[in-house]
Every structure is written in C-alpha cells, then in structure tokens.
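A.B. asks: Just need the structure, nothing else, for what follows:
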Amino acid sequence: MKALVPALQSHLDEGTTTLAWCWRITRADGVVLGFTDHDRVLAFAGTDFEPESGFTASEVRSGSDLSVDAQDAEGVLTSDRISETDIRDGRWDNAQVELWRVNWADPSQRALMRRGAIGQIRRGRLAFVAEMRSLAHLLGQNSGRSFQATCDAVVGDARCGADLEAAAFRGTGVVTGLSGDRSFTASGLDGFAAGWFSFGTITWSSGANAGRQAEISGHSLDGGIVTVTLLEAPVLPVSAGDAFTIRAGCDKCAETCSTKFANIAGFRGFPDIPGQDTVLRYARRSGANDGGVL
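C.D. replies: Below you'll find the model as predicted:
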C-alpha cells in the first residue's frame, strides 16, 4: 500500500480531482525526458513533462504473482522528442521509466505509482508502441556463467583479453559500392583474409551513420573484391565514400581462440564438456556392459 502525502490524500478525498499521468524516462545515453497526458507543461523534480509529444498509455496489465506487469505507451514518430532514428538507434531500449500520478493544479502533490523499463518496441509508419515492463522482468534475466562448449565472453572485453586495437585485428576502409541494404564492397581491407572480420564490428567514422556501431555477419574476398555484410540494415542508408573502422570477430570456438588470437588462456568455454549425444546414449545388448563409459 502506497503512502500518500497528506495534501494529495486530502485532494483525493474531495471527490472532484485534477489528476494527470506523468512519465519520466531516462534513456541509456543519459537523456531524461518527461511526458504527460495533461494539456500543458508540468514541472517537478527538475524535469519538464511535455504534453505535445502525442504520448499516451494503455491500462496496466498486472497480476498478483511474479509475472511481469506491463503497460503499452504509444507515441507519434513525428514528435520533436521521439524520433524514428533514436528508436532504431536503440537509445530507447531498456530505458528506465517512472510513472507518476500528479495533481496538475499543484504538482507538489504527487505519488510514484511504479517503476519499470522499456521493453519491446513496435514501429509503424507514423507511430510507435513501447511496452513498459515492471521491475519483475529483471527476475527473468540470466545471471552467472554459461557452461557450454563455446566461449561466453565478448571478443575483446575484459574476460576475453584479446586486443582488438592491434593492427592484426583492426582495419580501416571506405565503401566503394552497395549491394542491397546490408552488403557493400570496400577498399582498404585487401591485406586481410576472407572471413577475418566475420562476427566482428564496424564503426562508421563518416557519412550518415558516423559514430554508430554495427555487427558484421559476413566478410568475403573474391577476386580482390572485399564484401562486408552487416547483421542488420544500418539505421541510415550507407553511401559510397563512407569511411569506417572494422574489428575482427570470433566464432567462439577454442580453435579460433588459439589460432587466430593466440588467446587460448582467455578462452571462457568448456570445449570438452559432454554434448547431447552423450546424454542420449544407452546400453545395447551386443555391447560390453561392464559399467564403463558407453
């Protein structure tokens, strides 16, 4: 049960109320945004809650168990505060949300109703719908190490230890031609073997996507022509002449860690762990059933 400030409780007891909903959203890049369903700007706790965003919310889907409570928030993509580029850039992913009930006649009378995070975002031509999940969604996230044959570290991070800034694992190039929305040919990478940058990353240093990073699904070299294929289409179109920095990737196998990166000491997998074929083995009448390993 929530404890309300006496002034707000007295206002609720009057029967006729002047209440509004306010959402305060803190994005992963540190930007704090405020929205309200009231028809004028409300301000409290250092945040201006703007009504011009076209930001509305559905009813809260809530249960008495530990299932994740959810609420859908809809916003117009043409808003100055909510752009399709920011959504595609991932700046709204897992943004922290505070939902307030506020007396718009006196914003000091307010109550924090719930906290959560932005979950799945569905985009349309003119609007988006964002799922607002309760804090219970944290209980469903995996924690700790994964016991598997392949490595569970991110190549180049502190657990991996590989130096992706070394000349052998880092290159620079320029887009020379386009092939679809995810593939392009490039110059400057002739000295690297085919597949060297597969599963790696690319950071754009010029062009419409300057400053953004993307994952690579494929890297080929055929007849001296280098082709790079991205895992997903970039946020903004790539153009010939766009410059980038590219870093080597890893398929998480122990052999790759040893031969490509000379980093088997940093391998975070269990290559000798028994697989599913071991679990599914069974005793046969024709075999030597002496209690040993099957």
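A.B. asks: Checking residue 7 next. Helix, strand or coil?
C.D. replies: The three-state label given to residue 7 by DSSP: H, G, I helix; E, B strand; the rest coil is helix.
A.B. asks: What's the local residue count around it?
C.D. replies: When neighbours are defined as other CB atoms under 10 Å, residue 7 has 13 of them. All C-beta spots, glycine's among them, are computed from the backbone N, C-alpha and C.
A.B. asks: just checking, it touches residue 106?
C.D. replies: Yes: shown here, residue 7 and residue 106 form a contact pair, counting by CB atoms under 8 Å, at 7.3 Å.
A.B. asks: so where is this protein shaky, pLDDT-wise?
C.D. replies: Low-confidence regions of the chain, defined by pLDDT under 70, span residues 1, 52-82, 122-128, 134-141, 282-284, 286-294.
A.B. asks: Pick out the residue nearest the middle of it.
C.D. replies: Compute the mean C-alpha point of the chain, and by CA atoms, centre = their mean the closest residue is residue 93, 5.5 Å away.
A.B. asks: For it, which three-state class applies?
C.D. replies: Judged by three-state DSSP, the three-state class of residue 93 is coil.
A.B. asks: That one reaches residue 118, doesn't it?
C.D. replies: Yes: with contact defined as CB under 8 Å, residue 93 and residue 118 form a contacting pair (6.7 Å).
A.B. asks: give me every residue that touches the residue nearest to the centre of the chain.
C.D. replies: Contact analysis of residue 93 by CB atoms under 8 Å, 6 or more residues apart in numbering lists 28, 118, 121.
A.B. asks: Now for those, which sits with the most neighbours around it?
C.D. replies: Using other CB under 10 Å as the neighbour criterion, residue 118 leads the contacts of residue 93 with 20 neighbours.
A.B. asks: Give the bridge partners for that residue, please.
C.D. replies: Note on residue 118: beta-bridge partners by DSSP bridges are residue 132.
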